[in-house]
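S.K.: I'll drop the sequence and a predicted model, then ask my questions.
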Amino acid sequence: MTRVTGSTDTNANAKEDQSVLEILGGTPLSGQVRVSGAKNSALAIMAGALLCSEDCRLRNVPSLMDVRRMGEILSALGVKVQQDGDVLDINAQDISQSQAPYELVSQLRASFFVMGPILARLGVAKVPLPGGCAIGARPVDLHVRGLQLMGADVQIEHGMVNAYVRGKSRRLKGAHIYLDYPSVGATETIMMAATLAEGETTIENAAQEPEVVDLANFCRAMGARIQGAGTKTIVIDGVPRLHSTEYSIIPDRIEAGTFLVAGAITRSDLSLYPVVPDHQTAVISKLRAIGAQVFTEGSDCLRIVARERLSATDIETLPYPGFPTDMQAQFMSLLTLSEGDSVISETVFENRLRHVAELNRMGADIRIKSNHAIVRGVPILSGAPVLATDLRASAALVLAGLAAQGKTIIKGLQHLDRGYENLEMKLQKVGARLRRIQAEGKSEDESAKLNSSTLAG
Ligand SMILES: CC(=O)N[C@H]1[C@@H](OP(=O)(O)OP(=O)(O)OC[C@H]2O[C@@H](n3ccc(=O)[nH]c3=O)[C@H](O)[C@@H]2O)O[C@H](CO)[C@@H](O)[C@@H]1O
Ligand SMILES: C=C(OP(=O)(O)O)C(=O)O
């Protein structure tokens with residue numbers, strides 16, 4: 001049983017990791033991969049546990065750097081957090097701090113999700129502007145506007161978002177909120193804040209992502225009254241308090257999608273379990289469109305079989321149920337080896353094509369025109385030293401390395417460790433040849449906390 005403390009070793013881990021991942025490409029994969037719990041659900045639900053002053057037990061929580069950091073943020077707020085394998089116990093009876101620590105929040109986009117629950121519980125919250133992947137400006141104006149419409153006074157000064165609720169009750173008030181864009185984070189912030197508000201809140205043009213539904217289901221399990229999560233209109237009827245619950249996080253659709261692409265790019269036969277096939281509709285339909293066979297086996301298993309060279313296609317990233325931006329980089333790797341020209345349009349984030357230069361270093365032929373990447377399929381990629389620039393970019397480079405001829409060496413692994421649990425070990429188990437070479441001075445033990453696959457593949 002590990003007590004998650006607010007220690008500062010997280011900061012050290014956030015620095016550039018000098019370890020590298022060495023991949024010997026060209027080996028087909030086969031077998032079954034176990035998919036972990038969803039990072040983006042787990043992070044929002046951990047914040048959601050702040051809404052409740054009783055025990056919350058979360059199951060199927062992935063062991064990831066982001067989850068660890070979020071645990072440290074909760075601890076720094078005075079909340080009890082204990083982790084045992086994939087079970088995380090949170091008790092937020094005493095939130096002794098209304099201010100989240102800058103050093104932790106600045107590393108993690110999802111840390112801003114504590115704003116809504118702290119404000120709803122205490123009537124006051126101070127949260128630094130968040131960090132996260134460098135994939136765009138990522139403002140929080142929609143979160144702030146929603147909270148203001150619910151009666152909060154919000155000022156942003158010196159990089160800190162200061163919010164408080166006037167009045168004796170210090171409770172937020174239900175409101176009708178139209179989101180200019182279906183932001184995942186803003187929908188989650190407003191939904192959490194509204195669970196304890198006075199009266200009814202309606203969120204129009206809400207995000208429909210499965211992680212929003214998962215958070216709503218968790219809040220409902222604690223007694224919140226939420227309807228319509230997963231549609232464009234969510235209605236929340238505020239209650240005075242929430243109660244203890246146990247809840248299991250959904251499987252990670254982005255991790256599952258990444259493994260589907262691993263199967264496709266290495267022309268393999270790979271099964272994934274557990275998954276929610278309905279969460280993969282856009283990804284599966286693109287894989288089928290380019291010639292891969294994807295089967296649903298039972299209610300929670302997917303199998304991909306790809307033997308031939310795949311064809312080109314165009315992709316536009318969109319809010320769910322559209323094609324996920326978090327799968328864009330991985331598909332780009334796949335399309336570099338497809339036959340013909342593909343156009344990938346990134347519409348969700350304004351700076352999410354930084355992997356292009358690294359893929360070109362491996363022999364890909366990709367040109368960027370504003371937010372479009374024009375990918376001309378090449379017959380082979382060749383292994384090279386490359387640098388991961390963000391989380392999904394790092395996954396894309398791993399995928400390219402699995403398919404490339406020769407050796408690929410990936411630096412910047414601190415991004416990969418934010419969002420993939422035991423990626424090397426999972427890939428080794430299905431036949432991939434890769435290993436992590438630890439940086440000098442970095443103990444195996446330290447790395448093994450997050451990744452138990454330091455053995456050579
Ligand atoms: C921790 C987490 O769950 N991260 C996910 C979440 O991020 P996140 O919640 O940050 O993504 P959003 O849906 O909020 O962002 C989408 C777009 O809306 C813009 N925007 C957002 C909020 C706001 O107040 N103002 C504004 O302009 C953003 O800059 C971006 O261009 O959803 C993204 C879109 O599916 C995913 O890529 C991230 O993996
Ligand atoms: C962009 C991502 O994460 P975050 O929002 O935490 O930066 C992601 O999961 O791909």
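M.R.: Ah, there it is. Residues are numbered from 1 along each chain as shown. Ligands and ions are numbered 1, 2, ... in the order given.

S.K.: tell me which parts of the stretch 301-450 of the chain are close to ligand 2?
M.R.: Within the stretch 301-450 of the chain, the positions adjacent to ligand 2 are Asp326, Leu391, Arg392, Gly419 by CB under 6 Å from any ligand atom. For glycine as for every other residue, the C-beta is placed from the backbone atoms N, C-alpha and C.

S.K.: now those as TSV including neighbour count?
M.R.: Shown next, in TSV, are those (neighbours: other CB atoms under 10 Å):
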residue	neighbour count
Asp326	25
Leu391	23
Arg392	29
Gly419	26
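
S.K.: List the contacts of the helix or strand hosting Phe331.
M.R.: When secondary structure is defined using DSSP states H and E, the element that contains Phe331 is helix 328-336. Residues external to helix 328-336 that are found in contact with it (CB atoms under 8 Å, 6 or more residues apart in numbering): 257-258, 261, 264-265, 286, 290, 310, 312-313, 315, 317, 342, 344, 346, 352, 355-356, 359, 362, 364-366, 373, 375, 377-378, 381, 392-393, 395-397, 399-400, 403.

S.K.: In PyMOL, how would I select just the buried ones from these?
M.R.: Only the buried members of the contacts of helix 328-336 end up in this PyMOL selection, burial being decided by 16 or more other CB atoms under 10 Å:
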select buried, resi 257+258+261+264+265+286+290+310+312+313+315+317+342+344+346+352+355+356+359+362+364+366+373+375+377+378+381+392+393+395+396+397+399+400+403
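
S.K.: What about the contacts of helix 328-336, which are in strands?
M.R.: Among the contacts of helix 328-336, DSSP state E puts Ile315, Ser342, Ile344, Asp365, Ile366, Ala373, Val375 in strands.

S.K.: what sits against the second one?
M.R.: By CB under 8 Å, 6+ apart, the residues touching Ser342 are Ala312, Thr313, Asp314, Ile315, Leu335, Ile374, Val375, Gly377.

S.K.: so where's the stretch 351-457 of the chain uncertain?
M.R.: For the stretch 351-457 of the chain, the stretches flagged by pLDDT under 70 are 441-457.

S.K.: quick one, helices of it?
M.R.: Under the criterion DSSP state H, counting those that start in this stretch, the stretch 351-457 of the chain carries helices at the ranges 355-361, 391-403, 413-419, 423-429, 444-448.

S.K.: Quick one: closest of those helices to Pro128.
M.R.: Between Pro128 and the helices of the stretch 351-457 of the chain, the tightest spacing by CB to CB is seen for helix 413-419, at 18.3 Å.

S.K.: buried set for stretch 398-418?
M.R.: Result for stretch 398-418 [16+ other CB under 10 Å]: buried residues 398-404, 407-418.

S.K.: What of stretch 165-177?
M.R.: The neighbour-count check on stretch 165-177 (16+ other CB under 10 Å) flags Val165, Arg171, Leu172, Lys173, Gly174, Ala175, Ile177 as buried.

S.K.: Check stretch 64-81 too.
M.R.: Across stretch 64-81, burial judged by 16+ other CB under 10 Å covers 64-77, 79, 81.

S.K.: Which pair of the ones in strands among the contacts of helix 328-336 spans the longest distance?
M.R.: Taking CB to CB as the measure, the ones in strands among the contacts of helix 328-336 span a maximum distance of 16.7 Å, between Ile315 and Asp365.

S.K.: Near Gly363, how many other residues are there?
M.R.: Gly363 sits with 18 neighbouring residues when counted by other CB atoms under 10 Å.

S.K.: ugh, typo on my part, it should be Asn360
M.R.: The burial metric for Asn360, expressed as a neighbour count using other CB under 10 Å, is 15.

S.K.: In contact with Ala403, which residues?
M.R.: Neighbour list for Ala403: Gly25, Gly26, Ile265, Thr266, Ser333, Leu337, Leu381 [criterion: CB under 8 Å, 6+ apart].

S.K.: Now it: closest residue in space, sequence neighbours ignored.
M.R.: Counting by CB to CB, 6 or more residues apart in numbering, the nearest residue to Ala403 once its immediate chain neighbours are dropped is Ile265, at 4.5 Å.
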